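Chemist: Structural data only, the sequence is not supplied:
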């Protein structure tokens, strides 16, 4: 009898495999980091072949840690860094270029050209998204324009495009077919497709007019499917051979699903490389007037798609990595909390990490990072605290925009992701919001959401009530800060943000 679900979580900094039981608890997990390739300022790349090799390795290691075999696994779910773009040859499986990561800003001039006189909202009605370097469509166009021979190959039907879920799925289910009974399937789900700028939110299909404007042959595109159904089976060779692959969700939608935000008005915030706050808006897309994205939240089988408003913040956890790797202020990311705890406040310093411009709700690609309020009094501890506080301030900006768009008042914020173990940050987040912050018992909600999607498709879980039943609060932080102090700090943060404009 199969008793577990395996979730592959291919993220911005690492690949993981986590195995869950029926109660949504972790049985085993394995993780491997990969290199961040930085060819020049503003460019961020990954090696797609490394992502696939690491995925295979962590799947085998997770099974070994739990002393399980493929016969113990009922299904596989995939969740992934969204918008990151891979283009590969169908015949060889060879990527024609490194994966261009969601943070990459090399398409800034192309985005301006596509906007033309209509501006950045040219495609917002159709896609829910502003024109931005963030999304996958411009990245595909850049590869076709800049990799020798790529456009000719694409127009001949020889190339495939995919966000990372498609790349992993294609390889996992057979790749080119060599050594397997059949080649891999070239699919994506509605959540990832909604992050390309190429899918129409109403039809949930690729928009031929937008593809034509972008100069992207539709033969490159994967088929769009729901987030929870059997797409294929793991390749003949490998630790999970023969197991159905039955769930795909972009990482932030997966975290929303894993947090059991299944009713309109429920929201979660994931603290990872960046921060991503999603609000479930039900089966009707809500168009934002305050700088948020309209996106697909999930679709289970043949049921209607559920939509979300999303606020995307580019740099949060990666700011801590930057302070570790570029400045050497800490030896490990975990030390940032201890360093911040050496001081009672930020000493008047504010850190706005606009390394790739500002995402929601400001959408200022011309912004660049600044540290303001420096005096001789400020030390390493103050800078560490300012870095943590930047995450909380940016989250408040997004929540205020969501309230303006939806009219929904935030009463409690559900949180997840790697940074939620930082209790100093979580307390300050509660303080600056003036609302409770709740961390669930199982904080690996991204992988859990992918597991739920896969498990629902094969009957491992009966329905959404099982997901709600499994969710449980682990730790709650209540606001302690005086209201006047909260507003003073937030006003100074906004002054600091204004200093970032116009640098690029």
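Modeler: Nice, I can see it. Keep in mind that this is a model prediction, so the values were computed, not measured. Numbering: from 1, shown residues only.

Chemist: Could you check which helix or strand contains residue 451?
Modeler: helix 445-457 (DSSP states H and E).

Chemist: Show me the helices in the stretch 301-450 of the chain, by range?
Modeler: Ranges of helices in the stretch 301-450 of the chain, per DSSP state H, counting those that start in this stretch, are 317-325, 335-340, 380-406, 423-433, 445-457.

Chemist: tell me the mean pLDDT for the last one?
Modeler: Helix 445-457 comes out with an average pLDDT of 95.

Chemist: Summarise which helices and strands it is packed against.
Modeler: Secondary-structure packing of helix 445-457 (3 or more C-beta pairs under 8 Å, 6 or more residues apart in numbering; DSSP states H and E): strand 4-10, strand 14-20, strand 73-80, strand 228-233, strand 244-250, helix 251-258, strand 267-271. (Glycine included, C-beta is placed from N, CA and C.)

Chemist: Out of the ones you listed, the one nearest residue 497 is which?
Modeler: strand 267-271 (19.0 Å; C-beta to C-beta).

Chemist: Mind checking what helix or strand follows that closest one in sequence?
Modeler: For strand 267-271, the succeeding helix or strand toward the C-terminus, using DSSP H and E, is strand 275-282.

Chemist: and that following strand, which residues are buried?
Modeler: Residues 275-281 are the ones in strand 275-282 that count as buried (16 or more other C-beta atoms under 10 Å).

Chemist: Please identify the most buried of the helices of the stretch 301-450 of the chain.
Modeler: helix 445-457 (a mean of 31; mean count of other C-beta atoms under 10 Å).

Chemist: Any idea how far that helix is from the middle of the chain?
Modeler: Offset of helix 445-457 from its chain centre (C-alpha atoms, centre = their mean, to the nearest Å): 15 Å.

Chemist: I'd like to check the angle between it and strand 244-250, please.
Modeler: Going by axes from the mean of the first three to the mean of the last three C-alpha atoms, to 10 degrees, helix 445-457 is angled at 140 degrees with respect to strand 244-250.

Chemist: Following the chain past helix 445-457, name the next helix or strand.
Modeler: Counting by DSSP H and E, the next helix or strand C-terminal to helix 445-457 is helix 464-470.

Chemist: Would you mind pulling the contact partners of that next one?
Modeler: With C-beta atoms under 8 Å, 6 or more residues apart in numbering as the test, helix 464-470 has contacts from 23-24, 257, 260, 262, 300, 442, 452, 461.

Chemist: and if you look at stretch 175-186?
Modeler: Contacts for stretch 175-186 (C-beta under 8 Å, 6+ apart): 90-93, 160, 162, 166, 169-174, 222-223, 231-232, 235-237.

Chemist: Those in helices, which ones?
Modeler: Mapping the contacts of stretch 175-186 onto helices (DSSP state H) picks out 166, 169-172.

Chemist: filter the contacts of helix 464-470 to the buried ones?
Modeler: Neighbour counting by 16+ other C-beta under 10 Å classes 24, 257, 260, 262, 300, 442, 452, 461 among the contacts of helix 464-470 as buried.

Chemist: What is the nearest of those residues to residue 130?
Modeler: Taking C-beta to C-beta as the measure, residue 130 lies nearest residue 257 of these, at 25.0 Å.

Chemist: ok so, going back, ok, which pair from the buried ones among the contacts of helix 464-470 is furthest apart?
Modeler: Within these, 300 and 442 form the most distant pair, 20.3 Å apart (C-beta to C-beta).

Chemist: Point out where this structure drops to low pLDDT.
Modeler: Along the chain, segments meeting pLDDT under 70 span 1-2.

Chemist: Is it correct that residue 271 is in contact with residue 416?
Modeler: Yes: assessed by C-beta atoms under 8 Å, residue 271 is found in contact with residue 416 at 7.3 Å.

Chemist: Out of the buried residues of strand 275-282, which is nearest to residue 408?
Modeler: Closest approach to residue 408 among those (C-beta to C-beta): residue 279, at 6.8 Å.

Chemist: pretty sure that closest one is touching residue 308, no?
Modeler: Yes: in this structure residue 279 lies within contact range of residue 308 using C-beta under 8 Å: 5.9 Å.

Chemist: Relative to residue 368, how far out is the closest residue to residue 458 other than its chain neighbours?
Modeler: Once flanking residues are discounted, residue 458 sits nearest to residue 75: 4.6 Å by C-beta to C-beta, 6 or more residues apart in numbering. Taking C-beta to C-beta, to the nearest Å as the measure, residue 75 falls 44 Å from residue 368.

Chemist: Check the gap between the residue of the chain most remote from its centre and residue 385 for me.
Modeler: Distance from the centre of the chain peaks at residue 376, with 38.3 Å (C-alpha atoms, centre = their mean). Relative to residue 385, residue 376 is positioned 17 Å away (criterion: C-beta to C-beta).

Chemist: just residue 451 next, same as before
Modeler: 36 Å.

Chemist: per-domain residue ranges of the protein.
Modeler: Domain assignment for the chain by the TED database gives 2-251, 259-439+471-503.

Chemist: Turn the ones you listed into JSON lines, including distance to residue 465.
Modeler: Formatted as JSON lines, the domains of the chain follow (distance: least, C-beta to C-beta, whole Å):
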{"stretch": "domain 2-251", "distance to residue 465": "13"}
{"stretch": "domain 259-439+471-503", "distance to residue 465": "9"}
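
Chemist: What helices and strands are in contact with the host helix or strand of residue 212?
Modeler: Per DSSP H and E, residue 212 falls inside helix 208-214. Counting contacts by 3+ C-beta pairs under 8 Å, 6+ apart, helix 208-214 packs against helix 136-146.

Chemist: Repeat the analysis, applying 6 Å as the threshold.
Modeler: With contacts defined as 3 or more C-beta pairs under 6 Å, 6 or more residues apart in numbering; DSSP states H and E, helix 208-214 has no helix or strand neighbours.

Chemist: quick one: secondary structure of residue 294?
Modeler: Following DSSP: H, G, I helix; E, B strand; the rest coil, we place residue 294 in the strand state.

Chemist: Which residues are in contact with it?
Modeler: If you count contacts by C-beta atoms under 6 Å, 6 or more residues apart in numbering, residue 294 has them with 128, 285, 287-288.

Chemist: Most neighbours among those residues, which one is it?
Modeler: Ranked by neighbour count (other C-beta atoms under 10 Å), the contacts of residue 294 have residue 128 at the top, with 27 neighbours.
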